[in-house]
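[1] Sequence and predicted structure, then a few things I'm wondering about:
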Amino acid sequence: MPIKGMRNIFSKSSSPSPSSPLSSISIPPSSPLPAFSLSLMEENIEIARSLITKWDSNQSPYAEITPLFSGDRQEAKHYLTAVKGLQSAMRYFVTLDSNSPSLVQAQLLMQAASKRLKKEFYQILSSNRDHLDPESVSSRSSTDQRTSVSDCDDDFSEDECRSVTDNSISETERVSMVAMEDLKAIAECMISAGYGKECVKIYTLMRKSIVDEAMYHLGVERLTFSQVQKMDWEVIELKIKYWLKAIKVAVTTLFYGERILCDHVFASSERIVQSCFAEICKEAAMSLFGFPELVAKCKKTPEKMFRILDVYEAISDNWPQIESIFSFESTSSIRLQAVNSMVKLGEAVRTMLSDFESAIQKDNSKTPVPGGGVHPLTRYVMNYLSFLVDYNGILADIVADWPLTLQSRLPESYFPSSGDDNDPSSEISVRLAWLILVVLCKLDGKAELYKDIALSYLFLANNLQYVVSKVRASNLSSLLGEDWLTMHESKVKEYVSKYERMGWNKVLTSLPEKPTAEMAAEQVKACFGNFNAEFSETCMKQSSWIVSDAKLREEIKASISSKLLPRYGEFYEKHRVGSRRVLGLDSVMRFSPEDLAGYLSDILCGTGDSCSVSFRLLIAPIALEVGAIAGQRKRP
């Protein structure tokens, strides 16, 4: 992960400033020792003694209450340069005479300097807690590309430096940058002097407490499987909601910010960066990425699918950053935990998909849906799939190497065209099409529960129309394709056609094939009587039937009207004038064509006994008439 560091404000130039009192003894560690005289090394020790003593808390009340790294940065620069000079002197005397009194003095001074720097390091971390929080650090990572406090010339005071940077960064960013540079300078100095362990101990202790506190506020708990297993699903679901919010903040801000800060402060030692960052974040990260695996091991039901997919998607979406932030070998266990959680979640999703299919197959409800309406199984499955398809990308990843196996080969028309076999979405398309096919097959069996064949076809039309509508209104349409939709829409029309034929054939055949043909008065009366009886019976029966889709309902009524009304209208008009009073025709010509249109509007609404008052009033006499005719037929 490319994390941009900032230039060290304490090493602006390779050449010392003439105004610095230590300019004559600033010795690069790589310089050959023979080039420096004994007197120069002793002078290094003396200058270091002067500054180190001045800032020794045991010898100066001022040093006890005043931070070295505050106010004018020149004093802090001189102090660090003196420590480096002292280190050079120690190397010189070790080579020259390991028992030299100057070496002993230098070692004592170095211990005092290390103690002071350790105190300063702690104080900077503590006092800048708000400015060094992961959110501040991560949000201003791009600031490093714009400007840095080290852009200020070494001769500038802090106030002068502030005026230079005020135009490009905020005060909060400036304080954060200064603190990071101070920590980096102290860490480099202590590590170089052999006191890196003390520095790292303070840093890891303080930063780990910040990470742990942040995770607590994010609602991330350290849970065991036995604890999760005992929880109700409602409780687990609530924890998942907290977790989904937590992972985004943790990855993009918390861990990312800690990685930036750790990389910057300990830039001089990759080994320290790795061990330090792992110590700070490992426990928290393992808890965060371990929770999904615990959830995946819980009892699996199809209703839990969507939360499982949410968790899988959250890890998948954040995986590039997870892999980048925890790229060290020391944090490989964190990456492995995240991967293991995804694997377990994927296995859970596969199990739930299998259980979902099995639940459809095992549905054995034997109660017909009143009026041939949409079956609860159809609603449940299609609502489930329409939500499930929103996870298309994640599902494609999960089922990519889980091909659908069938006991027998089915026609290709039942499935969407695969297109590119390498397209990962093709596998999920086939699997979703298969689940729809399973429920349609179950509906074929449930249609047989209806004693009226016309109602069974209406039931099939209703349910298939619901399936098609759900596909069209969701992302299923893009997966299954237009060919699939066209085929199933044609099947709906086929069911409707069979319903019309079976449900209205008796009404249509009660009228003569040639409505305008000449007929005897008795024949006309018989035709009207039969028509009245068949029409009233059919309308009464179908007033309790239902077509849930309003558009389909109107199309069916329009289709029935187009077949019935013109034929009846011709017959009615033929015998309306001149023969209505012959042999009681007036009593059997009960419906005008306009009446039929009104009565047809009341069918297929599922109203039953609640149908319109006018409909019931006009149908009742016909029902009595039909009853009387039936009674006459029974008499010998």
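    Alright, I've got the coordinates.

[2] so Asp355 touches Thr301, yeah?
    Yes: Asp355 is within contact range of Thr301, at 7.2 Å (criterion: Cβ atoms under 8 Å). All C-beta spots, glycine's among them, are computed from the backbone N, C-alpha and C.

[3] any weak-confidence spans in the stretch 301-450 of the chain?
    405-425 (pLDDT under 70).

[4] Now with 50, please.
    408, 418-419 (pLDDT under 50).

[5] Within its local environment, how many residues does Asp363 see?
    When neighbours are counted by other Cβ atoms under 10 Å, Asp363 registers 17.

[6] Show the contacting residues for the closest residue to it other than its chain neighbours.
    With sequence-adjacent residues excluded and distances taken as Cβ to Cβ, 6 or more residues apart in numbering, Asp363 is closest to Leu377, at 5.5 Å. Residues in contact with Leu377, defined by Cβ atoms under 8 Å, 6 or more residues apart in numbering, are Ile360, Asp363, Ser365, Val439, Lys442, Leu443, Lys446.

[7] From Lys362, how far out is Leu377?
    11 Å (Cβ to Cβ, to the nearest Å).

[8] Settle this for me: Ser102 is touching Ile45, isn't it.
    Yes: using Cβ under 8 Å, Ser102 is in contact with Ile45, at 6.0 Å.

[9] which residues are common contacts for those two?
    Ala89.

[10] Compare those two (neighbour count), which wins?
    A direct count of neighbours by other Cβ under 10 Å for Ser102 and Ile45 places Ile45 higher, at 24 against 19.

[11] so is that one in a helix, a strand, or just coil?
    Three-state call for Ile45 (DSSP: H, G, I helix; E, B strand; the rest coil): helix.

[12] ok, it touching Gln105?
    Yes: contact criterion Cβ under 8 Å: Ile45 and Gln105 qualify, at 6.2 Å.

[13] starting at the chain centroid, how far to stretch 541-555?
    Distance of stretch 541-555 from its chain centroid, counting by Cα atoms, centre = their mean, to the nearest Å, is 39 Å.

[14] cool, and stretch 382-400?
    The answer for stretch 382-400 is 12 Å, by Cα atoms, centre = their mean.

[15] now stretch 336-352
    Counting by Cα atoms, centre = their mean, stretch 336-352 comes out at 15 Å from the chain centroid.

[16] Which parts of the stretch 251-400 of the chain are strands?
    Counting by DSSP state E, counting those that start in this stretch, the stretch 251-400 of the chain has no strands at all.

[17] sorry, back to before: mark which of the contacts of Leu377 are buried, thanks.
    When the contacts of Leu377 are checked for burial by 16 or more other Cβ atoms under 10 Å, the buried set is Ile360, Asp363, Val439, Lys442, Leu443, Lys446.

[18] which two from these end up farthest apart in space?
    Ile360 and Lys446 (11.9 Å; Cβ to Cβ).

[19] list the contacts for the most centrally placed residue in the chain?
    Nearest to the mean C-alpha position of the chain, by Cα atoms, centre = their mean, lies Asp310 at 4.4 Å. Taking Cβ under 8 Å, 6+ apart as the criterion, Asp310 is in contact with Ile240, Leu244.

[20] Quick one: low-confidence residue ranges for the chain.
    1-33, 35-36, 142-143, 145-166, 408, 418-419, 609-636.

[21] In it, where's the longest helix?
    helix 476-509 (DSSP state H).

[22] Kindly state the domain boundaries assigned to this protein.
    19-127, 211-359, 369-497, 510-634 (automatic domain parsing).

[23] other SSEs contacting the helix or strand that contains Ile560?
    In the assignment (DSSP states H and E), Ile560 maps to helix 550-576. Under the contact criterion of 3 or more Cβ pairs under 8 Å, 6 or more residues apart in numbering; DSSP states H and E, helix 550-576 touches helix 453-472, helix 476-509, helix 521-542, helix 593-600.

[24] The first one packs against which elements?
    It refers to helix 453-472. helix 376-388, helix 424-447, helix 476-509, helix 550-576.

[25] just so I know, which of these lies nearest Val220?
    So among the helices and strands packed on helix 453-472, helix 376-388 is nearest, using Cβ to Cβ, at 27.2 Å.

[26] So for that closest one, what gets flagged as buried?
    Neighbour counts using 16+ other Cβ under 10 Å place Leu377, Thr378, Val381, Met382, Tyr384, Leu385, Leu388 of helix 376-388 among the buried residues.

[27] want to throw those residues into TSV with distance to Thr486?
    As requested, those are exported to TSV (distance: Cβ to Cβ, whole Å):
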residue	distance to Thr486
Leu377	25
Thr378	20
Val381	21
Met382	18
Tyr384	24
Leu385	19
Leu388	23
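
[28] quick one: which of those residues is nearest to Ile560?
    Among these, and counting by Cβ to Cβ, the member closest to Ile560 is Thr378, at 24.5 Å.

[29] Would you agree that closest one is in contact with Phe459?
    No: the pair Thr378 and Phe459 fails to qualify as a contact (Cβ under 8 Å) at a distance of 10.0 Å.

[30] Need the overlap of contacts for those two.
    Counting by Cβ under 8 Å, 6+ apart, the residues touching both Thr378 and Phe459 are Leu443.

[31] where's stretch 510-530 relative to the chain centroid, distance-wise?
    The answer for stretch 510-530 is 69 Å, by Cα atoms, centre = their mean.

[32] Also stretch 225-241?
    19 Å.

[33] wait, what's in contact with Phe328?
    Per Cβ under 8 Å, 6+ apart, neighbours of Phe328: Val273, Gln274, Phe277, Ala278.

[34] Go through the residues you listed and flag which are in helices.
    Using DSSP H, Val273, Gln274, Phe277, Ala278 are the members of the contacts of Phe328 that sit in helices.

[35] Surely the first one is in contact with Ile260?
    In other words, Val273. No: Val273 lies out of contact with Ile260 (Cβ under 8 Å); the separation is 11.1 Å.

[36] picking that back up, now the helix holding Ile560: buried residues?
    552-553, 556-557, 559-560, 564-565, 567-572, 574-575.

[37] what does stretch 503-512 give?
    Under 16+ other Cβ under 10 Å, the buried positions of stretch 503-512 are Gly503, Trp504, Val507, Leu508, Ser510, Leu511, Pro512.

[38] Quick check: the fourth one vs Ala558, distance?
    If I follow you right, that is Leu508. Taking Cβ to Cβ, one finds Leu508 at 16 Å from Ala558.

[39] The last one now?
    Counting by Cβ to Cβ, the gap from Pro512 to Ala558 is 24 Å.

[40] For the nearest residue to Phe121 once chain neighbours are set aside, the count of nearby residues, please.
    Leaving aside its sequence neighbours, Phe121 sits nearest to Ile186 (Cβ to Cβ, 6+ apart; 4.9 Å). By other Cβ under 10 Å, 25 other residues sit near Ile186.

[41] And for Glu303?
    11.

[42] do the same with Glu135
    15.

[43] got it, and Ala520?
    Ala520, neighbours per other Cβ under 10 Å, totals 10.

[44] Quick check: it vs Ser100, distance?
    Distance from Ala520 to Ser100, by Cβ to Cβ: 145 Å.

[45] can you list the contacts of Phe328 in TSV and add distance to Lys248?
    Below are the contacts of Phe328 laid out as TSV (distance: Cβ to Cβ, whole Å):
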residue	distance to Lys248
Val273	25
Gln274	25
Phe277	20
Ala278	22
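
[46] ranges for the helices of the stretch 1-150 of the chain?
    38-54, 61-65, 73-96, 101-127, 134-139, 143-146 (DSSP state H, counting those that start in this stretch).

[47] Can I get those in a markdown table including distance to Leu345?
    Output for these, formatted as a markdown table (distance: least, Cβ to Cβ, whole Å):
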| stretch | distance to Leu345 |
| --- | --- |
| helix 38-54 | 58 |
| helix 61-65 | 55 |
| helix 73-96 | 51 |
| helix 101-127 | 38 |
| helix 134-139 | 27 |
| helix 143-146 | 37 |
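
[48] Which among those helices is found nearest to Thr331?
    Among those, helix 134-139 comes nearest to Thr331, with 16.1 Å by Cβ to Cβ.
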